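>>> With the input below, show me the fold.
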Amino acid sequence: MKAAVWYQARDLRVETVEIPVVRDPHQVKVKVAACGICGSDLHEYSAGPIFIPTDTPHPISQERAPIIMGHEFAGEVVEVGERVTRVKLGDRVAIEPILSPNLNGQYLMERYNLTPLLGFHGLSGGGGGFSEYTVVGEHMVHPMPDSLSYEQGALVEPAAVALHAVRQSALKAGDSAVVFGTGPIGLMVIEALKAAGAASIIAVEPSEVRRQKAAELGAQVVDPVPQDAVEQIHALTQGGADFAFEVTGIPAVLDQAINATHAGGETIIVSIWEAQATFQPNDLVIKERTLKGIIAYRHVYPAVMSLMQQGYFQARDLITDRIALDDVVEQGFETLLNDKSQIKIMVQP
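Below you'll find the model as predicted:
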């Protein structure tokens with residue numbers, strides 16, 4: 001079968017690999033129908049490795065680079081191990097790609113995303129969604145409602161990041177929030193904030209096309225280029241937002257996000273970072289602000305799919321292109337790096 005294999009930064013190759021087989025009674029083989037290109041994928045492609053193991057094999061996948069990429073995906077169950085009970089042949093499933101200690105088809109930790117062994121199927125070995133078939137543990141598969149398409153299923157993973165970020169904040173219905181960065185995750189954070197009852201949402205984004213997307217989802221938009229973003233937010237909120245969500249991974253933006261909130265406000269860092277960032281600790285101390293980070297998600301896939309059935313996180317609002325697996329490098333990764341009008345590119349193996 002064909003698969004997109006990461007060798008090193010800027011070296012992603014579509015090549016022929018062996019079709020994976022079910023070797024464990026709690027494994028499930030999936031025929032991939034749709035797989036999105038994620039911001040984390042872009043970081044690995046442009047500046048990795050970050051999550052991709054290169055020197056030693058990942059302790060759960062037992063693999064190291066070169067590895068198959070792709071962790072935002074959905075597909076059809078085509079084979080199951082003899083002890084699988086969650087799904088059956090022909091089921092349509094969204095994949096929760098977290099690699100965390102597991103046994104007999106279940107994660108072992110309640111907060112399984114916080115394991116020191118954290119990895120991701122499609123980033124840390126074991127296969128991935130940029131392929132025709134892949135094999136995962138049954139604890140990683142979630143049956144999809146009939147009303148959701150495979151593309152919606154592939155969007156469950158990034159939507160889960162956004163929903164987890166909002167759930168981990170202290171936001172309450174009626175609060176105000178500002179989102180820095182309106183790429184795919186930022187736009188989904190806006191959707192999650194709407195679902196959580198935020199009364200006012202501001203989006204900060206230099207790209208005109210992405211600002212328009214945020215506006216279409218109901219956010220007030222701020223262009224940080226002609227005028228200081230923090231000043232604009234304080235003016236719009238009469239003194240600062242209740243919450244800020246940093247979704248850019250740009251060092252200077254972290255400082256802006258902190259100072260965009262009022263005294264006692266909270267900033268949630270959603271990004272994965274390529275470099276260090278600095279801020280003045282007194283901006284937290286003197287105003288009793290809170291700074292918090294989140295990684296991935298846990299226990300939210302069913303909630304995400306329920307919200308999708310209600311009209312949140314819709315593919316029509318987020319997918320800007322669809323490509324074949326053969327075109328994943330030039331029309332996928334390179335396009336996303338160079339064309340900020342793109343939001344989510346969906347690969348169809």
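>>> Quick one: residues in contact with stretch 162-171.
With contacts defined as CB atoms under 8 Å, 6 or more residues apart in numbering, stretch 162-171 is touched by 177, 185, 188-189, 191-193, 195-196, 198, 242-243, 245, 266, 268, 270, 290, 292, 294, 296-298, 300, 303-304, 307, 313. Every residue, glycine included, has its C-beta placed from N, CA and C.
>>> Have a look at this structure and report its longest helix.
helix 150-168 (DSSP state H).
>>> after that helix, next one along is what?
As assigned by DSSP states H and E, the chain's next helix or strand after helix 150-168 is strand 176-180.
>>> So what's the gap between that following strand and the chain middle?
18 Å (CA atoms, centre = their mean, to the nearest Å).
>>> tilt between that strand and helix 150-168?
120 degrees (axes from the mean of the first three to the mean of the last three CA atoms, to 10 degrees).
>>> Does anything pack onto strand 176-180? Which helices or strands?
helix 184-196, strand 200-204, helix 229-237, strand 241-246, helix 251-259 (3 or more CB pairs under 8 Å, 6 or more residues apart in numbering; DSSP states H and E).
>>> same thing but 10 Å
Contacts defined by 3 or more CB pairs under 10 Å, 6 or more residues apart in numbering; DSSP states H and E place strand 176-180 against helix 150-168, helix 184-196, strand 200-204, strand 220-222, helix 229-237, strand 241-246, helix 251-259, strand 261-269.
>>> now for the fourth one, which elements pack on it?
So the one you mean is strand 220-222. Counting by 3+ CB pairs under 10 Å, 6+ apart, strand 220-222 packs on strand 176-180, strand 200-204, helix 208-216, helix 229-237.
>>> Walk me through which strands it pairs with, and which way each runs.
In the sheet, strand 220-222 lines up against strand 200-204 (parallel) (DSSP bridges).
>>> picking up where we left off before, for the helices and strands packed on strand 220-222, which one ends up most surrounded?
Comparing the helices and strands packed on strand 220-222 on average neighbours per residue, with mean count of other CB atoms under 10 Å, the densest one is strand 176-180 at a mean of 30.
>>> Average pLDDT for that strand, rounded please.
Mean pLDDT, computed over strand 176-180, is 98.
>>> Strand partners (parallel or antiparallel) of that strand?
Sheet pairing for strand 176-180, assigned by DSSP bridges, gives strand 200-204 (parallel), strand 241-246 (parallel).
>>> Put the alpha carbons of it into PDB.
Provided in PDB are the C-alpha atoms of strand 176-180 (Å, rounded to 0.1, in the frame of the first residue of the first chain):
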ATOM      1  CA  SER A 176     -15.500  36.800  27.400                       C
ATOM      2  CA  ALA A 177     -12.600  35.200  25.500                       C
ATOM      3  CA  VAL A 178      -9.900  36.100  23.000                       C
ATOM      4  CA  VAL A 179      -8.400  33.600  20.600                       C
ATOM      5  CA  PHE A 180      -4.900  34.300  19.300                       C
END
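>>> For ChimeraX, write the select line for the buried members of the contacts of stretch 162-171.
Remark: buried members of these, expressed as a ChimeraX selection using 16 or more other CB atoms under 10 Å:
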select :177,185,188,189,191,192,193,195,196,198,242,243,245,266,268,270,294,296,297,298,300,303,304,307,313
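>>> gap between the longest helix of the chain and the chain center?
Using CA atoms, centre = their mean, the offset of helix 150-168 from its chain centre is 7 Å.
>>> now it against strand 261-269, angle please.
130 degrees.
>>> Please point out which parts of helix 150-168 sit buried.
150-168.
>>> and what of stretch 271-288?
Buried residues in stretch 271-288 (16+ other CB under 10 Å): 271-273, 279.
>>> Got the confidence number for Asp317?
Asp317 is assigned 93 on the pLDDT scale.
>>> hang on, it packs against Arg210?
No. Checked against CB atoms under 10 Å, the pair Asp317 and Arg210 is beyond contact range at 11.9 Å.
>>> Show me the common contact partners of these two, please.
Taking CB atoms under 10 Å, 6 or more residues apart in numbering as the criterion, Asp317 and Arg210 both touch 187, 343.
>>> Report the next helix or strand after the helix or strand that contains Val14 in sequence order.
Using DSSP H and E, Val14 sits in strand 11-16. Next in sequence after strand 11-16, counting helices and strands by DSSP H and E, comes strand 27-36.
>>> Check what pLDDT the residue nearest the centre of the chain gets.
Using CA atoms, centre = their mean, the residue of the chain that lies closest to the mean C-alpha position is Pro158, 3.2 Å off. On pLDDT, Pro158 comes in at 98.
>>> now Thr85
For Thr85, the model assigns a pLDDT of 96.
>>> Now do the contacts for Glu334.
By CB under 10 Å, 6+ apart, the neighbours of Glu334 are 10, 12, 45-46, 328.
>>> what do you get for Leu103?
Applying CB under 10 Å, 6+ apart, the residues near Leu103 are 26, 137, 139.
>>> Verify the contact between the second one and Gln106 for me.
Yes. Taking contacts as CB under 10 Å, Gly137 lies within contact range of Gln106: 8.9 Å.
>>> Out of those two, name the residue with the larger neighbour count.
Of the pair Gly137 and Gln106, Gly137 is the one with more neighbours under other CB atoms under 10 Å, namely 23 against 12.
>>> what's the spacing between that one and Tyr107?
From Gly137 across to Tyr107, the span is 9 Å (CB to CB, to the nearest Å).
>>> Sounds good, over and out.
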